[in-house]
Each structure stands twice: as C-alpha cells, then as structure tokens.
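S.K.: quick one: sequence and predicted model below, then my questions.
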Amino acid sequence: MEKLNFSVDSRLLRELGERLVGRPHIALAELVKNGYDADASRVVIRFLADRIEVLDDGHGMDQEDFVSKWLRIGSTHKEREAYSPSLGRPLTGSKGVGRLAVQLIANKLEIRSVGRSSGNRELKAYVDWREAVETGDLTEAPVYVESGPVESSFPMESATGTKLVLSELNHRWGPLEFEELANELWPLQSPFDDGESRQNFRVTLESPYQSFVRAFDSQMTAVLDLWIARLVGELLPLDFIPPDGTVIVRRPDPEAADNDNDEAWDTASDFSANAMETNRPDRIAKLTLQLHGAGTEVVYYRLPNCSLDQLQYEIRVFLLQYRQPRNISVSEARRYLRRFGGVHVYDAGFHLPYYGPDTDWLHIEIDHSHRLSRSQLLPRNLQRPGGMSNLPTNSRLFGAVNVNTAHEQRHAEESLGSTASALAIQISRDRLTESAAYRDLVALVRFALDYYAMASGRKDSERSKRDRDRSPGEKPSSRMQRLQKSLNDVKGDLPEDTFDELSSELDEALRETEAEERRYESYLGLLGALATAGISALAYEHEVSKQFEALEKIVGQLRGMARTAGNSEDLEVIAIDLQSWLARSRATHNLFSHLLQEDNRTLRIPLPAQQTLDLVRKQVEAINPGANIKLDGVPTDLILPPGRYVEWSAVFQNIFLNAFNAMRGSSVKRIDVSGAQGAGRARIVVQDTGVGVDLANSEELFEPFVRRLRMSDDYAALGLGGGGLGLTIVRMMAQEMDCTVRFVAPDLEHATAIEISWGV
C-alpha cells in the first residue's frame, strides 16, 4: 500500500488572510495586538508616504521563535500559554493567522526583531506575498531570513522589540479608517498611564497628516466621553470665604454600631474625635456636578478640622446600557471599566498602583453590601429616601485624584510642627499611610459620590413626575430601563457572568422595544386618520342607507308616471338610468356595509379563507376594472388565523385594490389566489398580471406613502388607492394577526405575487 501526503495550495495564504480578517484596519490592529501579547508597553504606528511601520518594545523574537511560532501557520501556542510571559496579559490572538492578514495591507513585509536571547544580533526577514502565493505549494512559499548587527531602534529605547515595515500598500487610508483602527485598539489601553510603568500599554500614531492622528486619538479615548455624570472637585485656598449655603461634612460616630439608623445618624458629630485640636483649620471644597442632559450644579462643602492642604479630583460615572455612540461595544466597555475603572490616586503625577478597580478605598462596595439608605457624610437636608441606591459601584467609575505628599509633609511641618497626621506615602510607594489626612481625603472624595447619588435620585424623581404629568401611561421601554437600573443596584450580589448575561439580554430586549415604539409612533398619526375615516364611514353608511330607500321610491314613481303618461319613453329612460346608478351605488356601498355589523367589528375568530375571500371579491365588484378574480386555488379547508372580519377585509381589499391599479394598462386583467399548508406554516398567495414590482426593493413599498406606480390624474382623483398607504395597512393588520406579508417571485403567467403566511 502506497503512503501519500496532503499538499496545500499556497493560495490558502490569501484565503486565510482575507477571510479570517477581511478588512485592512482589522489586519493592522492584529499587528498591534501582537505587540500587546509580546508584553510591549509602547507601540508606534508610523504612516509614511510609501510604507507603514509598526514598532513595539516587547520581548521580540530570535530565530528559533521566528521559525517555531511566526512561520508556523495556525500555531496554537497562544491558546496553550493563555497569558503573556512577563506581564501576565491575557493573549489576544488564538488562530495563528493574524500575520497572514498583512497581505491585505501591503504586498511586501519586512520584519526586524531583537529578542532577549539575541545578544547583539538582529533578526531580519522578508516576505513578498505575491511571490509566496504564486509558488503553488504552501510549504514552498519563500520567506527570506538573515541575521546581522542590531540596526533598529525600538520605542522607550528598549533593547528588545519588533519592527514591521509594510510596503507596496494596497489601500488608501483616511480619518474614517483610523477611527475604525482605534475602535479595535482602545480596549487594550488604560487611560491612567503615568508614562513610566511597564504594565501600561500605549499606542501612538505618527503621520504627516494631522487629521489622521486627531481621528485616531479621539477614538482611542472615546469611551471616556460616554459618562452620564462628571464630578470635578478641589480643595480651595485657606483664605477662601465660603458662600451662604455651604454644606458641612458630617463625621459619623465611629463607635456607633449602625451608622445607618436614625439614632446613630442624629447623634453624629460635625467634628471628628480630634475636633478639640483647634490648630487644624476648617477647609472648603468645591464640587461641580455635571449630569448628562440635566445641567450643572455647584456645591461648596466644609470639612472641619481638616488635615489635608491640597486636593483635586475628577470622577466620571458611566451607565453602559443601550446602544453607545462612536460604535463602542457595551460589553467591551464594561470589560474595560472592570479592568481599568475605579478611582485612581496620583501623587505628584505618579500613579499609585494600589488604587483602582480592585480596591475599595472609598468604601463603596462595603456600603453597597450593607444597603445603606442614608449617606454618612451628607447633612439631613441633602438626604432623600433611597438615594444611596444610586451610589455607583467601582465598575461604573473612572476617577483620578491628585495629591502631593511631599507638599503635605512640608505644610504640616510648617503649620503644626509635626507630620504625624499629614498625608504620607509608604516606603513601598504603592499606597498612602492611614493618617488623619488620608481619612480626610477619603471623606472629601466620598462626599462627592454621595452627593451625586442623592442628586441623581432627585433628578430621576423629577423626571418621573414630568413623565407622569405628560402622559398617564408609561412606555414599556421606560419600565425596562427601570428594570435595568434595579439590576445594576444588585450587581454586587450577583456572579459576574450572571449579571453580564442578564444585562445583555435586557439590552437586547430594550433595543427591540424601543424600535417597536418608534415604529408605533410613526404609525400613530396614520392610525388616527384612518380611525377618524372609519368613524365617518359608519355615519355615512347610515345616511346613505336612508337615501337609497328614498331613491327607490323616486324610481317607482317615475315608472308609474311613465305607464300613465302618453309619451312615456323619456321617463322610462330616466327611470332605467336612475335604477342603474342606484345598483352601482349599492355595489359601492358593499365596500363599507360590513362595518355596520357589530360581529364583524368585534368578533375575533378563525375564518374560512375561501369564503372570506369570496365576500371581499363581491365587496370590490364596483371598483373592479374588469379583472377576473379566481379563488379556485384556495383549499376549502384552509382557515385564516383568528381575526375580525373587518381586519381580513381590509387586508384583502387593499391587496385587490393594488392589483386593480397595477392592471389598468394591461390587456389581460387576471387575479389568481392560491393557498397551501404544510411544514408548520400556511399561506395565501395573490398574483396579478399588472406591471410587477422589483423584489430587491419591494420592502420599501410597505412603508407609508411610498409608491412606485404612476397613475393618471383622472384615476387618482377617484381616491381608489395609489396614495402609498394600502400596503402599510396590509402589513399593520397582518402583523396584529401574527402573519407575515411579503412580495415573492410570481409564476410565469403573472407579474406580481404577494404572500401572506402564518404558523399553524
């Protein structure tokens, strides 16, 4: 038995690159993510006139790495390793084909890399993708490799790194492409970059076209603009004169067993246990609170006996629900906040690593778990029932607090003669010591968050009152938004994956509900006009019935006079003409006569399809332009979904009327109706010999006031359709009865076919 081996066509290189990535900005993002996986802290994307360069300061590659990993297509080493070797980052790639996507960007690729074990040697590799594809056999696709002295420089003056040079570019790049590129990369980059830590990751775009750079930089920080509230605060100078209405920060009794009960709160002091130390001054802080869509308010608050001298902070609150602007994924933004969010502390510009999403230094999560109903810092006049339920969790916050421990030490020594209570940093430089100034720092920043919680509750209450005053009913989307808020309130009590799943489902349900509401609102005016016309038609029907009886008497009188008169021919002609007109009027009257019967308007039952269609056929006889309507193809046992007769009459009348209009110029006027049932669905198809429709654009015809059929002015003046509402009414009515309406391909004998289908 002969043993054979598979061979692989080299065109697979192009297939894999194009199909698994597909777009140039995604391909370029894959190269940047390779730098992230290589523990780089900086990646520079450099756009030049004839090439693109991507440089990183990661761990680089030696020749062994290049052969075993880069040259091996479909390598799964990222799946096996899961995390980067030095910084423990979760690896972004898994399929091992990202490098193949380079051919979407450029025809030629040059790689220069220095690894940790490379010594003073630099790996140089060259790939011509067109040559590689043309070889025929994938295993024969050439990659030219050499080693030489280190010539390349890498970001941050790193001794290791990788430089990719892409030349013979395939695409033009503009601001939109750079926005899309940034949208792929922003989740990797922390906004709290101190410029020193190797843990952080930063992507920089360099280009002579500054509009490209601005578009990229703007999108890289776009997530920071999704806030619903912005809190900016500062500790004001010692000589600042507080305005009227300045709020006093309360200091609850630390000995109280439960600072949330009435007794403990009422006995809480405006001063700390060290309040008698009068050499510590009261200090005034200013908070500017900006609520998205609800204006800005400013509050001044006083902390008695304050041990802190300088403080600035900005905190942004997020509510990542619904559809976010700038094409930002809600789930991606949530992961980003869990990773980089929280309130961070900077000491003279140096980022203290302890403070962030994984620490609760402001006691937010603790208070959530205790379900406090009152703030322990706000005075009574600022409290409101349930206000603390609006306190955001760390995963909904971005914040930066700026202090200067060196200044605080000098200030305490000069003013108090001691640094014991001053703000200080531990020897490890990762956190602040638990001094009196640190406790004041917590109180001043946490006051702002508590104030936001109460202000947010107040705004919600005012908005709800306005909504109630404006409308007695509440929209379904508003109820769902309240449900989402309730879910966020208990987020800390749920497993993370459970919360994400519930939140994602609610987001999707809300989007669908809002879309349905918009659709309903767009039809509301139309429905009002149609309802008014229907009511008027009922009154008209009653009046016309009386007039018909009067006309019958007149016809009888004319014929009696014709029999007795000597010259009766003229009177007889008049009587015949009047009788003909009366017959035609009665036929037209049939269009609306079914509205007079209460059962037709109110009784919702399954109706036999053929009988219903036959009744409608008779109703439209008066306006039929001579078309032959055949119902032979409708099975006698086919039953329509439950509905009122007036609803089904409106559906079929409008379909027939559309067909009449379409056949005005046809030599053969024929409407054939067929029906069928099977595989869990039933359908009725109405075909005509009119002008036909373009199936590719046929969905547009169901929108209000959209029409494609040209009609003469005389015919349009009759008011028999053509206004662009008939198909809108058909779909509205059919959807109410759980039916689907669409145009389908007609058979060879017809020009148009419209199908109504439903589940059975």
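M.R.: Cool, the structure landed.

S.K.: can you pull the domain assignment for this structure?
M.R.: What automatic domain parsing lists as the domains of the chain is 12-220, 227-405+442-473, 475-596, 604-759.

S.K.: if you average pLDDT over each of those domains, which is lowest?
M.R.: Among those, domain 475-596 carries the lowest mean pLDDT, a mean of 67.

S.K.: Ala422: which of the domains of the chain is closest?
M.R.: domain 227-405+442-473 (6.7 Å; Cβ to Cβ). Where C-beta positions appear, they are placed from N, C-alpha and C, glycine not excepted.

S.K.: quick one: Trp361 is in a helix?
M.R.: No. Counting by DSSP: H, G, I helix; E, B strand; the rest coil, Trp361 falls outside a helix, being coil.

S.K.: now it: how far from Ser435?
M.R.: 14 Å (Cβ to Cβ, to the nearest Å).

S.K.: rewinding a little: the domains of the chain into TSV, with extra columns for mean neighbour count and distance to Glu414?
M.R.: Below are these laid out as TSV (neighbours: other Cβ atoms under 10 Å; distance: least, Cβ to Cβ, whole Å):
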stretch	mean neighbour count	distance to Glu414
domain 12-220	18	29
domain 227-405+442-473	17	10
domain 475-596	14	43
domain 604-759	17	75
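
S.K.: save those as TSV, and put in distance to His411 too.
M.R.: Below are the domains of the chain laid out as TSV (distance: least, Cβ to Cβ, whole Å):
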stretch	distance to His411
domain 12-220	24
domain 227-405+442-473	5
domain 475-596	38
domain 604-759	69
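
S.K.: helix/strand/coil for Phe240?
M.R.: Assignment for Phe240 (three-state DSSP): coil.

S.K.: just give the closest residue to it, not the sequence neighbours.
M.R.: Spatially, and ignoring its direct neighbours in sequence, Phe240 is nearest to Ile284 (5.3 Å; Cβ to Cβ, 6 or more residues apart in numbering).

S.K.: centre of the chain to the helix or strand hosting the one you found, how far?
M.R.: Assigned by DSSP states H and E, Ile284 falls within strand 283-291. Relative to the chain's own centre, strand 283-291 is displaced by 32 Å; criterion: Cα atoms, centre = their mean, to the nearest Å.

S.K.: again, but for stretch 209-218
M.R.: 24 Å.

S.K.: and if you look at stretch 747-760?
M.R.: On Cα atoms, centre = their mean, the centre of stretch 747-760 falls 36 Å from the chain's centre.

S.K.: show the end-to-end separation of that stretch, please.
M.R.: Distance across stretch 747-760, first residue to last, is 25 Å (Cα to Cα, to the nearest Å).

S.K.: contacts for that stretch next, please.
M.R.: By Cβ atoms under 8 Å, 6 or more residues apart in numbering, the residues outside stretch 747-760 that reach it are 641, 651, 655, 658-659, 662, 670, 672, 677, 680-693, 734, 737-746.

S.K.: taking those one by one, which sit in strands?
M.R.: Secondary structure defined by DSSP state E assigns 670, 672, 677, 681-688, 740-744 of those to strands.

S.K.: just give me the closest of the residues you listed to Ile574.
M.R.: Arg670 (37.0 Å).

S.K.: next, Ala182: phi, psi?
M.R.: With angles defined as degrees, to the nearest 10, Ala182 sits at phi -60, psi -30.

S.K.: name the element the nearest residue to it once chain neighbours are set aside belongs to?
M.R.: In this structure, Ala182 finds its nearest non-sequential neighbour in Gln219, 3.4 Å apart by Cβ to Cβ, 6+ apart. Secondary structure from DSSP H and E places Gln219 in helix 210-220.

S.K.: quick one: list the elements packing against that helix.
M.R.: In terms of contacts (3 or more Cβ pairs under 8 Å, 6 or more residues apart in numbering; DSSP states H and E), helix 210-220 is packed against helix 175-185, strand 202-206.

S.K.: pairing partners for the shortest one, with directions?
M.R.: For strand 202-206, the pairing partners within the sheet under DSSP bridges are strand 42-47 (parallel).

S.K.: got the angle for the partner strand vs helix 175-185?
M.R.: If you take axes from the mean of the first three to the mean of the last three Cα atoms, to 10 degrees, strand 42-47 sits at 160 degrees to helix 175-185.

S.K.: so what touches the helix or strand just after strand 42-47?
M.R.: Following strand 42-47 in sequence order, the next helix or strand is strand 51-56 (DSSP H and E). The contact list for strand 51-56 (Cβ under 8 Å, 6+ apart) reads 28, 31-32, 34-35, 38, 40, 42-46, 105-106, 152, 154-155, 161-167, 169.

S.K.: from the residues you listed, which land in helices?
M.R.: The helices, defined by DSSP state H, take in Leu28, Leu31, Val32, Asn34, Gly35, Ile105 from these.

S.K.: turn these into a markdown table, including distance to Ala609.
M.R.: Below are these laid out as a markdown table (distance: Cβ to Cβ, whole Å):
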| residue | distance to Ala609 |
| --- | --- |
| Leu28 | 58 |
| Leu31 | 61 |
| Val32 | 61 |
| Asn34 | 63 |
| Gly35 | 66 |
| Ile105 | 59 |
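
S.K.: now whatever helix or strand comes next after the strand holding Ile284, how far from the centre of its chain.
M.R.: Under the assignment DSSP H and E, the closest C-terminal helix or strand after strand 283-291 is strand 296-303. Remark: strand 296-303 is offset 35 Å from the chain centroid, using Cα atoms, centre = their mean.

S.K.: what lines up beside strand 296-303 in the sheet?
M.R.: Take DSSP bridges as the rule and strand 296-303 pairs in its sheet with strand 247-248 (parallel), strand 283-291 (antiparallel).

S.K.: phi and psi next, for the closest residue to Ser504 other than its chain neighbours.
M.R.: Distances taken as Cβ to Cβ, 6+ apart place Ser331 nearest to Ser504, at 6.6 Å, with adjacent residues excluded. Note on Ser331: backbone dihedrals following degrees, to the nearest 10 are phi -60, psi -40.

S.K.: distance-wise, check Ser331 relative to Arg429.
M.R.: From Ser331 to Arg429 the distance is 35 Å (Cβ to Cβ).

S.K.: swap in Glu517?
M.R.: Taken as Cβ to Cβ, the span from Glu517 to Arg429 is 54 Å.

S.K.: what of Tyr36?
M.R.: 26 Å.

S.K.: and Ser666, by the same measure?
M.R.: For Ser666, the distance to Arg429 - Cβ to Cβ - is 88 Å.

S.K.: likewise Ala662?
M.R.: From Ala662 to Arg429 the distance is 81 Å (Cβ to Cβ).

S.K.: so which of the helices and strands packed on helix 210-220 comes closest to Glu462?
M.R.: Of the helices and strands packed on helix 210-220, nearest to Glu462 by Cβ to Cβ is helix 175-185, at 35.8 Å.

S.K.: can you name every helix or strand that that closest one contacts?
M.R.: helix 24-37, helix 210-220.

S.K.: can you say which of the ones you listed is nearest to Tyr346?
M.R.: Using Cβ to Cβ, these put helix 210-220 closest to Tyr346, at 20.4 Å.

S.K.: touching, Phe652 and Thr612? I think so.
M.R.: Yes. Shown here, Phe652 and Thr612 form a contact pair, counting by Cβ atoms under 8 Å, at 7.3 Å.

S.K.: Ala448 belongs to a strand?
M.R.: No. Per three-state DSSP, Ala448 lies outside any strand segment and is helix.

S.K.: was I right about it contacting Leu287?
M.R.: Yes. The criterion here is Cβ under 8 Å, and Ala448 meets it with Leu287 at 5.1 Å.

S.K.: hey, what's in contact with both of those two?
M.R.: Leu231, Gly233.
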